[in-house]
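> Requesting a structural model of the entry that follows:
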Amino acid sequence: MISPRGRLDVFLAKILNIPKKAVRELLKAGRVTVDGVRATEAAQQIGPFSQIYLDDTALRAETPRYLMLHKPVGVVSATKDEEHKTVLDLIPEAIRAGLHIVGRLDLNTSGLVLLTNDSRWSESMMQPGAHVAKEYWVTLANPLTEDYITAFARGFYFETEGIITLPARLAIVGEREARVELREGKYHQIKRMFGRFQNPVLALHRSRIGALVLDPQLAPGQWRPLSEDEKRACLQSEGQALV
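Okay, here's the model as predicted:
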């Protein structure tokens with residue numbers, strides 16, 4: 001397996017199946033370019049998205065891709081599934097290769113899902129210590145009271161994990177509708193928290209990750225690339241305040 005990062009000469013020797021002495025000859029002859037610049041140093045460091053060419057032949061020409069998708073209910077956050085359509089099935093096959101999911105949603109939850117082929121970008125967003133805020137709209141079976149706001153801010157003890165959830169912000173927006181902001185993602189966390197009030201969740205929709213809001217122009221099942229500003233916004237750990 002060829003490492004996506006490391007020395008240029010190691011990459012060339014492996015992908016071309018030639019000794020390092022032959023690699024040095026290619027570099028000396030000026031036949032190798034990295035990101036459009038003639039490469040001369042064998043020890044030059046490359047990454048997974050370095051554009052590497054031998055003469056006019058691309059040896060590595062992958063480009064980073066960052067997408068937002070409006071996941072519908074009934075679609076699974078997986079790369080493959082024998083029973084259900086997956087979020088990757090909603091992406092054209094021509095650009096689907098190498099994508100992975102950032103911030104999964106369960107089968108019956110709709111809303112914002114991110115996809116990328118850049119593992120460093122996704123890891124920086126989803127690492128446990130990042131505590132990136134995620135906002136959800138919730139429809140419930142029973143009316144809400146002010147007690148919910150206090151309980152969500154205090155946190156809940158989850159016996160299975162043996163932990164107390166981080167403080168969450170809840171805003172009541174209707175008799176049976178709430179907006180909830182979390183900074184963690186335990187298994188079925190929102191449903192379990194409302195379950196403490198014996199109040200079943202009827203619908204759950206994620207509207208925001210960090211400072212990135214789901215594009216209202218995207219219908220369920222639609223997607224689009226992120227802008228440069230949106231990519232940077234995804235990495236912000238402080239979300240917008242609930243009002």
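> Would you indicate which residues of stretch 18-30 are buried?
V23, L26, L27 (16 or more other Cβ atoms under 10 Å). All C-beta atoms are positioned from the backbone trio N, CA, C, and that covers glycine.
> Likewise for stretch 160-176?
Judged by neighbour count (16+ other Cβ under 10 Å), stretch 160-176 contains these buried residues: T165, A168, R169, L170, A171.
> tell me the contacts of the second one?
In this structure, A168 makes contact with F152, A153, G155, V180, E181, L182, R183, M193, judged by Cβ atoms under 8 Å, 6 or more residues apart in numbering.
> of the buried residues of stretch 160-176, the lowest pLDDT goes to which?
Least confident entry in those, by pLDDT: T165, with 92.
> so how far is H131 from the residue lying closest to it once chain neighbours are set aside?
Among residues not flanking T165 along the chain, G155 sits closest, at 4.6 Å (Cβ to Cβ, 6 or more residues apart in numbering). For G155, the distance to H131 equals 14 Å [Cβ to Cβ, to the nearest Å].
> between these two, what contacts are shared?
Common contact partners of G155 and H131 (Cβ under 8 Å, 6+ apart): L166.
> just to revisit the earlier point, can you check what pLDDT the model gives the residue nearest to T165?
Note on G155: pLDDT of 94.
> likewise S237?
On the pLDDT scale, S237 is placed at 43.
> correct me, but the residue nearest to T165 touches R169?
No. Using Cβ atoms under 8 Å, G155 is not in contact with R169, being 11.7 Å away.
> Show me the shaky parts of this structure.
1, 128-130, 234-243 (pLDDT under 70).
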